[in-house]
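Colleague: Here is a sequence with its predicted model. Questions after.
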Protein chains: 2
Amino acid sequence: MKIAIVLFEHCTALDAVGPYEVLSRWPGATLHMVGEQRGVVRTDTERLGLHVDTTYAEIPDPDIIMVPGGYGQRCHRGGSALQAWLQKADRESTWTTSACTGSLILASAGLLTGRRATTHWLAYDDLAALGAIPCRDRVVFDGKYVTAAGVSAGIDMALTLAAKALGDDMAQIMQLGLEYDPQPPFAAGGPRTAPQFAVDAVTAVRDHIV
Amino acid sequence: MKIAIVLFEHCTALDAVGPYEVLSRWPGATLHMVGEQRGVVRTDTERLGLHVDTTYAEIPDPDIIMVPGGYGQRCHRGGSALQAWLQKADRESTWTTSACTGSLILASAGLLTGRRATTHWLAYDDLAALGAIPCRDRVVFDGKYVTAAGVSAGIDMALTLAAKALGDDMAQIMQLGLEYDPQPPFAAGGPRTAPQFAVDAVTAVRDHIV
C-alpha cells in the first residue's frame, strides 16, 4: 500500500500537510512526498521549504495519489512531468485525490472530465473550464476521485476518505489523535458566510491563490 | 515585525504548518522557519522533511514565537539550544505561542510557571508537572502566552491570535483565504466527545505523540 503526496514549487503547504497528517497514519501504508526531483521546494509564500524524497519515476504505482494546490499549479498543465505521471499513475490508483486548486491539475490531466469535483471557492470557473462539474461541497466523491475545497479542507477530505476506505472506527481514532475538534473564531470560512469585505479582500488577491 | 516558527527533529508537521499558513500572511511581517542549524528536519512520522532556513543565532529578537509539539519535544528540555534561545527571545517577544506538546517545551523553559496553558489532551499531567496550570480549552491566552490543544488546534490558535493582534476584520480575511469552514466527519476530536474505543486506541500509542 503506497501513498504519494505531490509537492511542487509554490504549492500551498497546508494543502499537502493537512492530508499528510492523516494519510501518514494509514495502517499498513508507506507514504512518499513525491516530486519532479529530490530536494526542497518552496511553498507559495516562499517562507517554507518542503522536501521531495521520491521522484515520479520512483513511484509509478501509488494506491493513493494526493495533489495539493497553490498558485504553482499553473505551471503543471498539459505536457508537464507531473501531468504525464498523473495520467499513468491514475490508471491503477485506488483513490486519486486533491486539495484546493490541486483539482485544476487533475482536471487539466483529463481525469475529472464530466465528473463532479470541488476546489478553492475562487476557482470554480477555472475548474469548469477544464471540463469538471464544480460543486460547492467541502469534500466531493465521484467514483475514486476525491476533491476538497480550499486549503484547510484537505484535512476533512483525508478523514472522510479514511472513513470510507478504512471504516468509521479508524477514522475516529485518527481524528482524535489529531485533536481535530475545530473551533474557528468566526463564521467566515466560506464566501456564503463571510462578510462582503472579506470576500472582496480575498478576491483582490486571487492571483496569489489560484 | 518578525515571526519565528521553530522546527526540530520529530516535530509534528501540522503543529507547525497550521499556524504557519495563518502567520505567513500577517501583514508587514517576515516569517522565518527557525532551528538549531540550517537544513532539513524529519517530522515525527519520518515521512516528511521540513527545511530550517534560519538558525536561532540569526534571529535573537522575534516579535512572535511559535513552538510546535511532537514526540521530538522530549529532546528539548533543560539546557538544550532551543531552551536557551527561547529564554532569551521570550524576554522581548510580543507573543510567545505553541501548538500541541510545544507547550511542554515552553513550560520546561520556565515560561509557563503558574500560568494557564493547554496542550494535547494526552499531556495535561506532563504540563502540570512542569509548573503550568492545564486548561482544557482549545486556545488559552495568559498574558502574552498563547497555547493550543493538540495538532490541528494550532490553526484556531493562530486565527484567534490574529483577531486579537490585528483585529477581527483581518482575521476573517485570513480565515476565508484558507477556506477554514471545517466539517470534521465525526464528533471525535476530543476525549470528551470521542467514543471510548478511540480514546483507548490513541492512549495506547501515547509515546508516539507525547
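Modeller: Alright, I've got the coordinates.
Colleague: Where do the strands of chain A begin and end?
Modeller: Listed in chain order, the strands found in chain A under DSSP state E are A:2-6, A:30-35, A:39-42, A:49-52, A:54-55, A:64-67, A:95-98, A:116-117, A:133-134, A:139-142, A:145-148.
Colleague: quick one: A:Ser103 from B:Met1, how far?
Modeller: From A:Ser103 over to B:Met1 the distance is 35 Å, taken as CB to CB, to the nearest Å. No exception for glycine: its C-beta is placed from N, CA and C like everyone else's.
Colleague: Neighbour count for these two, which is higher?
Modeller: A:Ser103 (33 against 12; other CB atoms under 10 Å in any protein chain shown).
Colleague: I'd guessed the more buried one sits against A:Pro68; true?
Modeller: No - contact criterion CB atoms under 8 Å: A:Ser103 and A:Pro68 do not qualify, at 10.2 Å.
Colleague: most centrally placed residue in chain A?
Modeller: The centroid of chain A falls nearest to A:Ala99 when counting by CA atoms, centre = their mean (2.2 Å).
Colleague: wait, what's in contact with that one?
Modeller: A:15-16, A:18-19, A:66-69, A:147-148, A:151, A:153-154, A:157 (CB atoms under 8 Å, 6 or more residues apart in numbering or on different chains).
Colleague: Which of those residues fall within helices?
Modeller: Of the positions in the contacts of A:Ala99, A:Asp15, A:Ala16, A:Gly18, A:Pro19, A:Ala153, A:Gly154, A:Met157 sit in helices, assigned by DSSP state H.
Colleague: For the residue nearest to A:Gln83 when sequence neighbours are not counted, give its distance to chain B.
Modeller: Spatial nearest neighbour of A:Gln83, excluding adjacent residues (CB to CB, 6 or more residues apart in numbering or on different chains): A:Ala109 at 4.8 Å. From A:Ala109 across to chain B, the span is 23 Å (CB to the nearest CB, to the nearest Å).
Colleague: Just list the residues touching A:Ala109, thanks.
Modeller: Per CB under 8 Å, 6+ apart, neighbours of A:Ala109: A:Gln83, A:Leu86, A:Gln87, A:Asp90.
Colleague: if you set the cut-off to 6 Å instead, what comes out?
Modeller: A:Gln83, A:Leu86, A:Gln87 (CB atoms under 6 Å, 6 or more residues apart in numbering or on different chains).
Colleague: Identify the residue nearest the last one in space, chain neighbours excluded?
Modeller: Yep, that's A:Gln87 we're talking about. A:Ala109 is the one closest to A:Gln87 (CB to CB, 6+ apart), at 5.3 Å.
Colleague: list the buried ones in the least confident helix or strand in chain A by mean pLDDT?
Modeller: When the helices and strands of chain A are compared on mean pLDDT, DSSP states H and E, helix A:206-209 comes out lowest with a mean of 86. Using 16 or more other CB atoms under 10 Å in any protein chain shown as the test for burial, helix A:206-209 gives A:Ile209.
Colleague: That one packs against which elements?
Modeller: If contacts are counted by 3 or more CB pairs under 6 Å, 6 or more residues apart in numbering or on different chains; DSSP states H and E, helix A:206-209 sits against no helix or strand.
Colleague: Show residues contacting it.
Modeller: So helix A:206-209 is contacted by A:Leu122 (CB under 6 Å, 6+ apart).
Colleague: Likewise for stretch A:24-33?
Modeller: A:1-5, A:7, A:23, A:52-54, A:59, A:174, B:45, B:47-48.
Colleague: if we go to 7 Å?
Modeller: Applying CB atoms under 7 Å, 6 or more residues apart in numbering or on different chains, the external contacts of stretch A:24-33 come out as A:1-5, A:7, A:23, A:50-54, A:59, A:174, A:177, B:45, B:47-48.
Colleague: Can you give me the separation between A:Ala125 and A:Ala198?
Modeller: If you look again at residue A:125, you'll see it is Asp, not Ala. Taken as CB to CB, the span from A:Asp125 to A:Ala198 is 20 Å.
Colleague: Noted, bye for now.
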